[in-house]
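J.: any chance you can model this:
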Amino acid sequence: MNNFRAVFALAIFGLLTASAPGGTEAPPVVREMGSSYADGPALSVMTYNVHGLPFPIAWQRGPALHEIGVRLAMLRQAGRQPHIILLQEAFTADAKAIAGLAGYRYVATGPQPADVEASRRSAMSEAFDADASWSKGETEGKWVDSGLVVMSDYPISKTVTLAFPRDTCAGFDCLATKGVLLTWIKVPGQTNPIAIADTHLNSRVATGVSIERANAAFARQVATAKDFIARNVAANTSLVFGGDFNIGHDATRIAVTRQSGGIVEGASEATDVIQCGSKRHSLSEDLQSVEERAKDKQYFRAGIGRRLELNRAEVPFGARTGGNTLSDHLGYVVEYDL
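T.: Residues are numbered from 1 along each chain as shown. Alright, predicted model coming up:
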C-alpha cells in the first residue's frame with residue numbers, strides 16, 4: 001500500500017509540476033557572450049535548474065538534458081565555459097551525465113535520502129506535523145536525492161551536505177531530499193578556497209498544499225540553511241550561494257529571506273546588483289526574464305580581507321537560441337572579480 005501511495009503521489013506531482021513537453025530539437029547555435037570567462041583574475045559561476053525530473057514527473061527529458069551538456073561542451077571548446085556550475089533538479093542519470101558531457105573534472109553531489117533519516121527533526125509545530133498528507137507525498141519518505149550537483153574546473157577540496165529535517169518540507173516537495181550542498185573550491189590565484197553552495201528550496205503552488213503551509217516549510221528551510229552556512233563558512237572565506245530559491249514575488253517569502261541580515265548575512269544578490277548597477281550591468285531580455293521570475297539566485301559575499309565583486313552576467317542559452325526548450329528555467333552565469 002505504501003508503494004502504491006508513493007507512486008500515486010508522484011503521478012499527481014507530475015500532473016501538477018511538469019512543464020509543457022515542448023520541442024527537444026534545440027538549435028545548436030550558442031549565442032556569443034563576448035570575451036572568455038577564463039580571462040583575467042575572475043571567477044564565473046552558473047546556476048541552472050535543468051528540470052531533470054524522473055518519470056512520471058517529467059517525460060522525454062533525455063534529449064534536452066543531453067543537449068544542455070553538448071552546449072556546455074561547445075562553450076568549453078570556445079574557451080567560454082563557466083568555471084563552476086550549480087545544477088538543480090539533476091535527479092536522473094541523464095541530468096547527472098551533464099558534467100561528463102560538458103568536460104567538468106570535479107563534481108560533487110548533494111544529500112541523499114539516507115541523510116534525512118539520520119537528521120534531527122526541526123522545531124516545526126506538532127500541529128504542522130500532524131496535518132501531513134500522504135496524498136500530497138508528505139508521509140512517504142524520500143524517493144529521490146537532492147538533485148543538487150556542483151561541477152567545477154577547479155579542485156573541490158571539501159564538501160559538506162545538509163539534508164533538511166524530514167518534517168521541514170511541504171507537499172510533493174517532501175518526496176525529494178531538499179537541502180544544501182556546500183563545497184570549497186581551490187580557485188587559481190587565491191590563497192584560500194572559495195565556498196560555493198547550491199540549494200533548491202520548497203516550491204509554492206506546485207506543492208499541492210496551501211500557500212500558508214508551503215510558506216511555513218520554506219521559512220524553516222531558509223532558517224536552517226542560513227544557520228548551516230553561518231556555522232560552516234568562516235568570515236574570512238568568500239562565498240557564492242546559488243540555486244533555485246523559489247522566492248518569486250510572494251511577500252512572505254521575500255520578507256523571510258531579508259529578515260535578520262538576509263539569507264547570507266552581509267551578502268548581495270546578483271540580479272539585484274545587475275538591476276541597480278551601471279550601464280554595463282544593464283539587463284538583456286533573458287536576464288530580465290530571470291530577474292522577473294525571481295527564483296534563480298546567486299548571493300555573494302567577500303570574505304574579510306578578500307575581494308568578490310560582480311563584473312557581468314550572461315544567459316548563454318537564451319530564448320532566441322531555444323533555451324526555453326532545454327528546461328523550464330534559464331541558466332545564467334555571473335562573473336566575479338577576485
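J.: need the pLDDT of residue 297.
T.: The model reports residue 297 with a pLDDT of 97.
J.: same question for the one 10 residues further on.
T.: In the prediction, the pLDDT value recorded for residue 307 is 95.
J.: wouldn't it be in contact with residue 337 here?
T.: Yes: look at residue 307 against residue 337 with Cβ atoms under 8 Å: they come within range, at 6.6 Å. Placement of C-beta: from N, CA and C, glycine included.
J.: what residues are up against residue 327?
T.: Each residue near residue 327 by Cβ atoms under 8 Å, 6 or more residues apart in numbering is listed here: 48, 49, 50, 51, 64, 68.
J.: so where is the stretch 201-338 of the chain shaky, pLDDT-wise?
T.: Within the stretch 201-338 of the chain, the stretches with pLDDT under 70 are 277-282.
J.: break down the protein into its helices, ranges please.
T.: Ranges of helices within the chain are 2-17, 62-77, 93-96, 98-102, 113-118, 126-130, 211-232, 251-258, 270-276, 285-293, 323-326, based on DSSP state H.
J.: so can I have CSV of the ones you listed showing mean neighbour count and distance to residue 301?
T.: Shown next, in CSV, are these (neighbours: other Cβ atoms under 10 Å; distance: least, Cβ to Cβ, whole Å):
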stretch, mean neighbour count, distance to residue 301
helix 2-17, 15, 32
helix 62-77, 19, 27
helix 93-96, 20, 29
helix 98-102, 20, 26
helix 113-118, 15, 26
helix 126-130, 10, 32
helix 211-232, 20, 10
helix 251-258, 16, 15
helix 270-276, 18, 12
helix 285-293, 17, 20
helix 323-326, 21, 29
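J.: right, and those helices - which one's nearest residue 312?
T.: Closest to residue 312 of the helices of the chain, according to Cβ to Cβ: helix 270-276, at 8.4 Å.
J.: by contact count, what packs against that closest one?
T.: Here helix 270-276 touches helix 285-293, strand 296-301, strand 309-314, going by 3 or more Cβ pairs under 8 Å, 6 or more residues apart in numbering; DSSP states H and E.
J.: again, only using 6 Å
T.: In terms of contacts (3 or more Cβ pairs under 6 Å, 6 or more residues apart in numbering; DSSP states H and E), helix 270-276 is packed against strand 309-314.
J.: just want the angle from the strand it packs on to helix 285-293.
T.: Strand 309-314 and helix 285-293 are oriented at 110 degrees to each other (axes from the mean of the first three to the mean of the last three Cα atoms, to 10 degrees).
J.: who are the packing partners of strand 309-314?
T.: Strand 309-314 sits against helix 270-276, strand 332-337, with contacts defined as 3+ Cβ pairs under 6 Å, 6+ apart.
J.: tell me which of those lies nearest to residue 261.
T.: Per Cβ to Cβ, nearest to residue 261 of those: helix 270-276, 15.2 Å.
J.: other residues contacting the closest one?
T.: The contact list for helix 270-276 (Cβ atoms under 6 Å, 6 or more residues apart in numbering) reads 281, 291, 298, 310, 313, 334.
J.: closest one of those to residue 197?
T.: Minimum separation from residue 197 among the contacts of helix 270-276 (Cβ to Cβ) is found for residue 298, which lies at 10.1 Å.
J.: that closest one reaches residue 241, doesn't it?
T.: No: if you go by Cβ atoms under 6 Å, residue 298 and residue 241 don't touch, sitting 7.3 Å apart.
J.: residue contacts, the closest residue to residue 178 other than its chain neighbours?
T.: With sequence-adjacent residues excluded and distances taken as Cβ to Cβ, 6 or more residues apart in numbering, residue 178 is closest to residue 164, at 4.9 Å. Taking Cβ under 6 Å, 6+ apart, we find residue 164 in contact with 178, 179, 221, 224.
J.: what residue lies at the spatial centre of the protein?
T.: For the chain, the residue nearest the mean C-alpha position is residue 243 (2.4 Å; Cα atoms, centre = their mean).
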